[in-house]
Every structure is written in structure tokens, then in C-alpha cells.
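In: Based on what follows, work out the 3D shape:
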Amino acid sequence: PGGQGPDPGAPGWDAPGPDTEWEVKDRLKPIGELAIIGKVLFREGVAGSRQAALARQLLDVAWRDHLEGGRLLRWMQEREPLSPIPFEIYVPFYELGYQDPEFEEHLRHSQRLASWAAVEATPVRRLGISAFERRLGLTPSLPTDVAVRHTWLGRTPEPWTVELNLAYGITHTVFHLTDWGENPAGLPPDLSDYLTAWLPAWLDDWREVGNWDLLGELLVVDACLPEPALDHRVWQAFADAQASDGAMPAHGRMPRGDEDEVFDLVHHPTLVAAFASVLATSRAMGGLRAEPAP
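Out: Numbering: from 1, shown residues only. Below you'll find the model as predicted:
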């Protein structure tokens, strides 16, 4: 497990000013995504030891240098106690052994407020908040079985109405219900049947348009089903889009230009590609079970 970070009372750290606050939130989201995918990589155990060691080093740096051992999240939580952003970033780090007891104390106080449950959020976001609450040992502000039925997927509507934003909502509904692929049995049977019937068509659609970021997330959804298709045609197209260094473009060809700008463009689809590859490999090797994880 990672360290505790520097002493919260230590000098030498200045909280971001109001003019940079939006940049802080924008930059922290990828760090939370890194922790989620890192947890998947460690959990499934199909990556090599070198990849696992590199992932741990990245997480150590992210926690110590970018989150200041949790202090930056605590600062955000103190400024906006009803914001789920610092909470959503913290939980996967917490599950990997990085902890900030003071942040948790502030969070538990906020989570007990009636206003926390009353904050307006999209249905899939509300489902995600409930899932993160459960994973931190808190009573979900909205029960999962209630929250999921407010989502698009939970209503199993006409499958031909799916567009980009709805498709991302579908993928995250599955991620939250299955704890990012750890517990496939968390997906209700009717939703599993619906996805088994229609996911192949959606995979073909997004493969044809070359949206590799969304295609990668849909491949993760496939790996969460009781009997994943693991379609060779789709996976071959996905692999062909990947650069030789492992980077994955979001759409079409790899972007060119300033390294920092390119990094911002390919960071998310590259993490998604790692997520999809690890989970699909685990399934192909019989790694996922159809019963709740212990």
C-alpha cells in the first residue's frame, strides 16, 4: 500500500486560487481514472510484473505529488462540501491503501446532510454516487436498485435510439453496477439479457465510425456480461487503431503536435484500452466469476 503523504499541517503548500479552481477539477478527473484502472489491473492479475510495478509507481506519484497525500481533495471538499468530485477521486485510492482520515471525517459529515442526497444529478451520476458510498462503507443516499431504474439502461428503451451521450451513460451504468468488472452478478438479469441482445450492434456501429474511446468502454461492458462475445473482428479493429507505444486515439488516427496537448487527447482512451484489454484477457482466461466477489 501507498504512504500517507506529507503531514497535513506542514507548511509550503498553497491551495489553488479561485481562478484556477476549474483547472484543478479538470486535471484531477484523470487521476481518479488512473486509480480505478490501476485497481482493475492489480485485481485481475493478468498484466506482467513490470506493468504492475509501473502502475504502482504512477499511483504513488499521483497520490503524493498531485493530490498532496489527500490535502488537495480535502481543500476541495471544504470549499464545496456537497461536490461528489473529491469523493469519487478518493474512493479508488482508498481501496488501494492510500488514506486521509481527516478527509474521510469531513466527507462522512457532509454525506449525513439531507442536502447531500438532494443535490441534483443525472441518473447515472446518482447511481455512481451510491456505488462509491457503498464502497467506502457508507449507507447509499439512494439504494442501488432504485437508482439504476432511473437510468436509461435501467428502463431498457428502444436500442436504436442510442447516441453518443446515451452510450457513455450505458457503459458507466454497467461499471457502477459491477464495481468496474469485479462483480458481474451486480448486473440485473434483465439488463444483462438486454445488453447481450443489443451490444453487438452497438459495437459494430462505433467500430465503423472509429470512435475508439467509446468502443473501448463498450468492450469493457462486453467483458462484464455472463457470456462475453469477445468478438475478434471488433478487437482487431481496436488493436489496429492503437499506436506502437500503446497510446490510443479517441477517434480516428493518432493526433500529432505538442506533446502535452496530445497527452490530454489520448490519456482517457489509452486508460480505457488498458481497462478493456485487462478485463477481456481475464475473461478469456476464466478470471471473472458470475457470483459476487468475496
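
In: Just the buried positions in the longest helix anywhere in the chain, please.
Out: Scanning the chain for the longest helix, with DSSP state H as the assignment, gives helix 259-284. Neighbour-count burial for helix 259-284 flags 265-280, 282-283 (criterion: 16 or more other C-beta atoms under 10 Å). Quick note: C-beta positions are derived from backbone N, CA and C, even for glycine.

In: Ok, stretch 139-150 next?
Out: Of the residues in stretch 139-150, those with enough neighbours to count as buried (16+ other C-beta under 10 Å) are P140, S141, L142, T144, A147, V148.

In: What of stretch 48-56?
Out: For stretch 48-56, the buried set under the neighbour-count rule, 16+ other C-beta under 10 Å, comprises A55, R56.

In: Work out the gap between it and the centre of the chain.
Out: Relative to its chain's centre, stretch 48-56 lies at 19 Å (C-alpha atoms, centre = their mean, to the nearest Å).

In: Then stretch 183-193?
Out: Between the mean C-alpha point of stretch 183-193 and the mean C-alpha point of its chain there is a distance of 18 Å (C-alpha atoms, centre = their mean).

In: Surely W206 touches D213?
Out: No. Using C-beta atoms under 8 Å, W206 makes no contact with D213, being 9.2 Å away.

In: For those two, indicate the residue with more neighbours.
Out: Higher neighbour count among W206 and D213: W206, with 24 against 21, using other C-beta atoms under 10 Å.

In: Now that one: closest residue in space that isn't a chain neighbour?
Out: Leaving aside its chain neighbours, W206 sits nearest to L215 (4.5 Å; criterion: C-beta to C-beta, 6 or more residues apart in numbering).

In: low pLDDT regions in the stretch 51-200 of the chain?
Out: In the predicted model of the stretch 51-200 of the chain, no residue satisfies pLDDT under 70.

In: Tell me where the protein has helices.
Out: Listed in chain order (using DSSP H), the helices of the chain are 21-44, 49-61, 71-79, 85-95, 101-111, 114-118, 123-135, 144-147, 164-177, 189-209, 212-223, 232-241, 259-284.

In: Which elements pack onto the third one?
Out: I take that to be helix 71-79. Using 3 or more C-beta pairs under 8 Å, 6 or more residues apart in numbering; DSSP states H and E, the elements in contact with helix 71-79 are helix 21-44, helix 85-95, helix 101-111.

In: Only alpha carbons, please: show it as PDB.
Out: Below are the C-alpha coordinates for helix 71-79, written out as PDB (Å, rounded to 0.1, in the frame of the first residue of the first chain):
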ATOM      1  CA  ARG A  71      -4.800  17.500   1.100                       C
ATOM      2  CA  LEU A  72      -5.900  18.800  -2.300                       C
ATOM      3  CA  LEU A  73      -9.100  16.700  -2.100                       C
ATOM      4  CA  ARG A  74      -9.700  17.900   1.500                       C
ATOM      5  CA  TRP A  75      -9.400  21.500   0.300                       C
ATOM      6  CA  MET A  76     -11.900  20.900  -2.500                       C
ATOM      7  CA  GLN A  77     -14.300  19.200  -0.100                       C
ATOM      8  CA  GLU A  78     -14.100  22.000   2.400                       C
ATOM      9  CA  ARG A  79     -14.900  24.600  -0.300                       C
END
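
In: Next, the angle from it to helix 85-95.
Out: For the pair helix 71-79 and helix 85-95, the angle between their directions (axes from the mean of the first three to the mean of the last three C-alpha atoms, to 10 degrees) equals 140 degrees.
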